[in-house]
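Participant: predicted model, plus sequence, below.
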There are 2 protein chains.
Amino acid sequence: MRLEILPVPGIGDVTEGDDLAALIAAAAPWLRDGDVLVVTSKIVSKAEGRLVDVPADGPERLAARDAALDRETARVVATRGATRIVQTHHGFVMASAGIDASNVDKTRLVLLPEDPDASARALRAALREQHRLDVAVIISDTMGRPWRNGLTDVALGVAGMPAIRDHRGEIDPYGNELQLTQLAVVDELAGAGELIKGKCDQVPVAVVRGYPGVAGAPDGEGARTLVRDAELDLFSLGTAEARAAGFRDAATLADGTGPAPADPMAVDRALAAVAEVVTPGTVFTHVTDEEVRAGLVASVDGWPERATGLVLGSPPTPIDQADLVRFGADLQRLRTALAAEGVPSTLLPPPTGSTASAALAL
Amino acid sequence: MRLEILPVPGIGDVTEGDDLAALIAAAAPWLRDGDVLVVTSKIVSKAEGRLVDVPADGPERLAARDAALDRETARVVATRGATRIVQTHHGFVMASAGIDASNVDKTRLVLLPEDPDASARALRAALREQHRLDVAVIISDTMGRPWRNGLTDVALGVAGMPAIRDHRGEIDPYGNELQLTQLAVVDELAGAGELIKGKCDQVPVAVVRGYPGVAGAPDGEGARTLVRDAELDLFSLGTAEARAAGFRDAATLADGTGPAPADPMAVDRALAAVAEVVTPGTVFTHVTDEEVRAGLVASVDGWPERATGLVLGSPPTPIDQADLVRFGADLQRLRTALAAEGVPSTLLPPPTGSTASAALAL
């Protein structure tokens, strides 16, 4: 297999209502069945009228840009300074929700297409029905990414090929079954297209020729299949945002007990974490002996039925009112450290007759 | 400009000590000055002996894989179940530190090259000096990414071209200056190369022909320029890990006072955040009147010199020992909520003669 990547220059300015299929077919009369068109999302947005008017400059411009960003944002992922990485309504995670001020008049901003997969299907259908071309269409845009500098073009919308080429289950030459190999080929195709487009070259469409399996293929499920489910997303919030959420959740920490006995190593780690910061002389004891624990909990007022662990706490002695207050703060520190380890807890009065001043049910 | 992407089949098995330049030149006698070679990192690792022996199966195999992962890991970024996303010593953030069990005998694992940029420079030099070819070399590998399903090939090492094509400062046709356009072209080239390599096709090298500016170029700074500085990385920890870090930081919250008077709205937000979870009847009062505050703090034992804010706290009445302990826990909740708003605090006994039971210095 070999591929060619070809530019489609000469499309010129695109305005609302333009027939993109006609513009592309006219600029590239050499298109063939089986070609993959990589179409910059900006000309799709322009043809679809996905633009907003804004002041050309001044503080009103910033306010208008912020308002547009708010409307396009489904969820804020991370911010720092002027950078706002958000998840759009489509599910894409992008700086500024992909809103673009370049390559457009200063009084307008270009939004992402509302439904890039639908736009890709429509363009593919128009090329097929009005220009008798059986091609795949990828609608591309430029995105940054965590951990790696620089931007690359990726696919926002796809029609005419699967977004992912799946090798799972194949056997390599050594007899190993491939486990983790789902290649996002439409992102690689979008990036390949970008290589010949440049950013000021007025080449909004690239053609990849030679990719197998395109002619005669169905529209497929589109680029939406590239959006990772929130459940499986390990980076749904930026690090600073998630850390701050941890603080807020610690402040409002609820009582609870674990679904299973607390991992003794987790409890030990929590105890170690607070050892340096609690009032000197404060003693926390994780009661691990089941018989001893059973005897103690029998007398604890309000012991939760499902609790399977016990920590006793004693402040330093002798003790006055201020010391008791500090001891309560230290207990809250320990509860927070336990929560960091995934161990829920409930604060209770101590067992009757015990020298401890408080008990935590785990 | 137009590009071609060409496969280099016929390289066959690569073993330690192999002369990669010779293997490539023999398999692709059609190579020309100005070509960009995209070389799969696996054959570089094999030639360099970057492999470890492991048992072919059984629990010892898993233990050996984990030990290899630990050695290759500089920092754990995020984990869930069997997935471990780590930062390697090079700075790359990858699942399993890029360690690969596919396309190799079952008793071996392939590690990433130790210094992929150096490997790229060496291969480029060998092609130039021994085969009279003036080409760029990209060493590529397959990576996943947050928020988007599927994997793509990216550049681990580069010699002979800049990793990033920089458009900053250019003016678009509408007179806008481009601000945010640094394209990671070597990642796009790596992805383009992957399109013709496949995963079982035994095509470990792809050639991109037609990319401008390659012949006669210096080695350049390599792919290390793609590694984002930790300072600028908004996703240095997975969301769950960062949230847990927030919990741990809350548990070990230090005393402190702010560099400036606390923002009253921030204090209000913190008070509101804990209002529902503190013991009913607990009262926290933010003393904002400067004269009143001055009078009160004059009698607070240990009031920090730089503190500029005061919150008084009173538990519900009447009060017993257990209530004082709970009150201390509630104060710690408030201190945590204040910290979530960026307001440091210090827990102190109350002003002399006040009916409050505790004071927070902000």
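Facilitator: Nice, thanks for sending it over.

Participant: what strand or helix carries the nearest residue to A:A273 once chain neighbours are set aside?
Facilitator: Closest residue to A:A273 apart from its sequence neighbours, by CB to CB, 6 or more residues apart in numbering or on different chains: A:A337 at 4.4 Å. Yep, even glycine has a C-beta here, placed from its N, CA and C like the rest. Per DSSP states H and E: A:A337 is located in helix A:321-340.

Participant: and that helix, how far out from the chain middle?
Facilitator: Centroid separation for helix A:321-340 versus its chain: 35 Å, with CA atoms, centre = their mean, to the nearest Å.

Participant: so which elements touch it?
Facilitator: helix A:239-251, helix A:264-275, strand A:310-314, strand A:346-348, strand A:358-361, helix B:239-251, helix B:321-340, strand B:346-348 (3 or more CB pairs under 8 Å, 6 or more residues apart in numbering or on different chains; DSSP states H and E).

Participant: quick one: strands adjacent to the third one?
Facilitator: In other words, strand A:310-314. Paired with strand A:310-314 in the same sheet, following DSSP bridges, are strand A:283-286 (antiparallel), strand A:358-361 (antiparallel).

Participant: coming back round to it: count the neighbours of the residue nearest to A:A273 for me.
Facilitator: Residues near A:A337, counting by other CB atoms under 10 Å in any protein chain shown, number 27.

Participant: ok, it to B:Q332 distance?
Facilitator: Distance, A:A337 to B:Q332, using CB to CB, to the nearest Å: 12 Å.

Participant: could you do A:K46 as well?
Facilitator: Separation of A:K46 from B:Q332 (CB to CB) stands at 56 Å.

Participant: which of these two has more neighbours?
Facilitator: B:Q332 (28 against 24).

Participant: quick one, domains of chain A?
Facilitator: Domain assignment of chain A by automatic domain parsing yields the ranges A:4-50+A:113-232, A:253-361.

Participant: deepest of those domains, which one?
Facilitator: Of these, the one with the most neighbours on average (mean count of other CB atoms under 10 Å in any protein chain shown) is domain A:4-50+A:113-232, at a mean of 20.

Participant: tell me the mean pLDDT for that one?
Facilitator: For domain A:4-50+A:113-232, mean pLDDT is 93.

Participant: phi, psi of whichever residue of the stretch 1-150 of chain A sits closest to chain B?
Facilitator: Closest contact between the stretch 1-150 of chain A and chain B, by CB to the nearest CB, is at A:G150 (2.9 Å). Per-residue torsions, A:G150: phi 80, psi 160 (degrees, to the nearest 10).

Participant: residues contacting the closest residue to A:T352 other than its chain neighbours?
Facilitator: With sequence-adjacent residues excluded and distances taken as CB to CB, 6+ apart, A:T352 is closest to A:S299, at 4.0 Å. By CB atoms under 8 Å, 6 or more residues apart in numbering or on different chains, the residues touching A:S299 are A:P351, A:T352, A:G353, A:S354.

Participant: which of those sits closest to A:L362?
Facilitator: Nearest to A:L362 among these: A:P351, at 14.7 Å, using CB to CB.

Participant: so which helix or strand takes in the closest one?
Facilitator: Using DSSP H and E, A:P351 is not contained in any helix or strand.
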